[in-house]
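> The following block contains a protein sequence and its predicted model.
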Amino acid sequence: MVARYSGALAFLQTQHQSAAGILVAGDNSTLQHEYLPLMGSGEILLGVGFSHLRRGGKPIITAKSVQSGYLFDGAVPWITGFGCFQEFVVAATLPSGGAVFGIVPFQDVQQLGGGEITFYPPAQLAAMNSTSTVSATLKHWFLPNELVVSVKPPGWIHAQDKKNLLRATFLAFGCAEAGLDIIKSAFEKKSLSFIEDAFNSLQAELNSCRSAISKAREQEVEFTQKLQLRAWSVDLATRIAHAAVTVSSGAANYSYHAAQRVYREALVFTVTGQSSAIMEATLARLTRNFTPKQEIFFSQAKNQRQISYSRAIHLSHVIDENIPLWEGDPSVEFKTVADWKKDDYYLRQFSIGEHSATHINAPISFHSNGVGIDEYSADSLVLPAVVTDIQDRENQYGEIGNVCLILLRTGWQEKWNDEKAFFNKDVRGTMHFPGFGVDATELLIEKRNIAGFGIDTHGVDGGQDTSFGINRLILDKPRIILENLTNLEQLPSAGITVVIGILRLRGGSGSPGGVIALV
């Protein structure tokens, strides 16, 4: 929340909290009792100066053990809070490759023994100059054992970076929220629908990113996944900040404009606590291994649209012989017709029902004069989409737009590997699973003119409707129907393009589908 309104204050706060964390994890109980209560009350403000430990190559500040303490020599390139913090925790590299941490004054001082610490004028940064970030030089500075916080082994800071990889994302999130505030304000002033669309899409992505990171912190996911999430937060904050500049028009060029502050703070938070692994992940996210194939063009009506995206997500289940099957549907079968040992290549034939696995229904399945799946135009299979609980979405974002695919996320996909749970039959054999209601379906077709419906259960009708009333209603118009979708929880609420891959079965009542979401 603090970073939303003041990146400078949030950054200073993190320095003070980092110093407290170092003290808590340290070995000097006397310092802990002396400093921590006063730091908690704000009577002592303590900064940090040890980010240089992340640098490779020859150490820029070293320490050697002497009688009753350590002797420091070198430079500390980045210390934030000059004039705000009274002291700071400094770190220097030992001959063993480890590091010694200690408390030193945050002002020019000459020791009686000839040691000195000197600070340079505050750096002129792209943002947050009020934090007064300076560099310092320590010459033969004696740190007595009484002020030694701890001695850490070689590689300590890299281990900490891995452990705390997602901790700094709150700074990016606060910056992103500030950018969204600007975008929302611009829409309220200019009443341009595309600004609102951008706001909704970015807000949904922010919620999705925050939720994914929260789950990752709870579940302790793989380090590579954490890197991707950290890079996503950086990328998202900078895109939202850029959008804030965009909607502010020429006024954003003024140095005092709010969009300028947010944009420049996003740049600072991009490199805050950055390791080489984070840098690599961020660059991979920003470049996204671009190839021309990632730009998809298609014509709709008389207009040509360009789709850009940062992620592609499978919405189709993997097909095997054990997938849940509707009662009476043909079984899924695979037969090997060529193998490596005998034929020097591998080939199978397979059989599957037209309405099995993740699939699309065609009008001919319920209307004798309806079109078959082979008659669907390519244009009709590339659609903007929203993921929704219908009432909640319209309360939050406004009415669902025309020619849009609505995807209903029920969470039923979690039961996919358990056929009994997926169909959920009672003692009389009646199935129970969620679907669309008649009123909602009619509203979405007649009032919202949506392009189609998708759901993560085996039917848009719901388990108890054996008449397939919702299917008949939708296909009568006709509209798209997608069933047995998966991974809907990975999608934002808006800003999605869905690409539906079909088998063009002549006269087909439907087709198993390869459905991909671009976000």
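Sure, I can see it. Numbering: from 1, shown residues only.
> Run through the residues that contact Asp476.
The contact partners of Asp476, taken as C-beta atoms under 8 Å, 6 or more residues apart in numbering, are 363, 366-367. Using the backbone N, CA and C atoms, a C-beta is placed for each residue, glycine as well.
> What separation do you get for it and Gly42?
68 Å (C-beta to C-beta, to the nearest Å).
> which regions of this structure lie under the pLDDT threshold?
For the chain, the stretches flagged by pLDDT under 70 are 288-305, 389-403.
> what do you get if the cut-off is 80, keeping everything else the same?
Applying pLDDT under 80 to the chain flags residues 1, 3, 7, 161, 164-165, 168, 219-221, 287-306, 308, 389-403.
> Weed out the non-buried ones from the contacts of Asp476.
363, 366 (16 or more other C-beta atoms under 10 Å).
> Which residue ranges of the protein form helices?
Secondary structure of the chain by DSSP state H: the helices cover 2-5, 7-24, 29-41, 156-163, 169-190, 193-219, 223-248, 258-271, 276-287, 340-343, 390-397, 419-423, 438-442, 469-475.
> In a markdown table: the ones you listed, plus mean neighbour count and distance to Gly83.
A markdown table is the format used below for the helices of the chain (neighbours: other C-beta atoms under 10 Å; distance: least, C-beta to C-beta, whole Å):
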| stretch | mean neighbour count | distance to Gly83 |
| --- | --- | --- |
| helix 2-5 | 18 | 20 |
| helix 7-24 | 19 | 11 |
| helix 29-41 | 13 | 18 |
| helix 156-163 | 16 | 27 |
| helix 169-190 | 21 | 22 |
| helix 193-219 | 17 | 34 |
| helix 223-248 | 21 | 28 |
| helix 258-271 | 22 | 19 |
| helix 276-287 | 16 | 30 |
| helix 340-343 | 8 | 72 |
| helix 390-397 | 14 | 44 |
| helix 419-423 | 15 | 63 |
| helix 438-442 | 14 | 60 |
| helix 469-475 | 20 | 67 |
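> Out of the ones you listed, which is closest to Glu489?
Among these, the nearest to Glu489 by C-beta to C-beta is helix 193-219 (8.8 Å).
> picking that back up, same list (the helices of the chain) but as CSV, adding distance to Gly56.
Shown next, in CSV, are these (distance: least, C-beta to C-beta, whole Å):
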stretch, distance to Gly56
helix 2-5, 29
helix 7-24, 22
helix 29-41, 30
helix 156-163, 10
helix 169-190, 25
helix 193-219, 28
helix 223-248, 18
helix 258-271, 16
helix 276-287, 8
helix 340-343, 46
helix 390-397, 47
helix 419-423, 52
helix 438-442, 59
helix 469-475, 60
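> So for Thr486, which of those sits nearest?
Of all those, helix 419-423 sits nearest to Thr486, with 11.8 Å by C-beta to C-beta.
> how far is that closest one from where the chain is centred?
Mean-position distance between helix 419-423 and its chain equals 32 Å (C-alpha atoms, centre = their mean, to the nearest Å).
> I would like the residues contacting that helix, please.
Taking C-beta under 8 Å, 6+ apart as the rule, helix 419-423 contacts 324-325, 412, 415-416, 431, 433, 458, 463.
> I'd like to know how many residues surround Thr93.
Neighbours of Thr93 under the rule other C-beta atoms under 10 Å: 20.
> Check Trp78 too.
Quick note: Trp78 (other C-beta under 10 Å) scores 14 neighbours.
> which residues touch Leu473?
438, 441-442, 445.
> Distance of the nearest residue to Gln32 once chain neighbours are set aside relative to Lys152?
Of all residues not flanking Gln32 in the chain, Leu23 sits nearest, at 5.6 Å (C-beta to C-beta, 6 or more residues apart in numbering). According to C-beta to C-beta, Leu23 stands 13 Å off from Lys152.
> Check Gly429 too.
Taking C-beta to C-beta, one finds Gly429 at 65 Å from Lys152.
> In terms of neighbours, single out the busier of these two.
Between Gly429 and Lys152, Lys152 has the larger neighbour count (other C-beta under 10 Å), namely 21 against 8.
> Can you give me the distance of that one to Ser130?
Taking C-beta to C-beta, one finds Lys152 at 31 Å from Ser130.
> Contact partners for the residue nearest the centre of the chain?
Nearest to the geometric centre of the chain sits Cys209, at 3.0 Å (C-alpha atoms, centre = their mean). By C-beta under 8 Å, 6+ apart, Cys209 lies in contact with 173, 229, 232-233, 236.
> Out of those, flag the one nearest to Gly74.
Checking the contacts of Cys209 against Gly74 by C-beta to C-beta gives Ser233 as the nearest, at 33.0 Å.
> these two touch, right, the closest one and Phe173?
Yes: Ser233 lies in contact with Phe173 (C-beta atoms under 8 Å); the separation is 6.6 Å.
> list the contacts for the residue nearest to Ser509 when sequence neighbours are not counted?
Distances taken as C-beta to C-beta, 6+ apart place Ser365 nearest to Ser509, at 3.7 Å, with adjacent residues excluded. Counting by C-beta under 8 Å, 6+ apart, Ser365 touches 354-355, 471, 475, 509-510.
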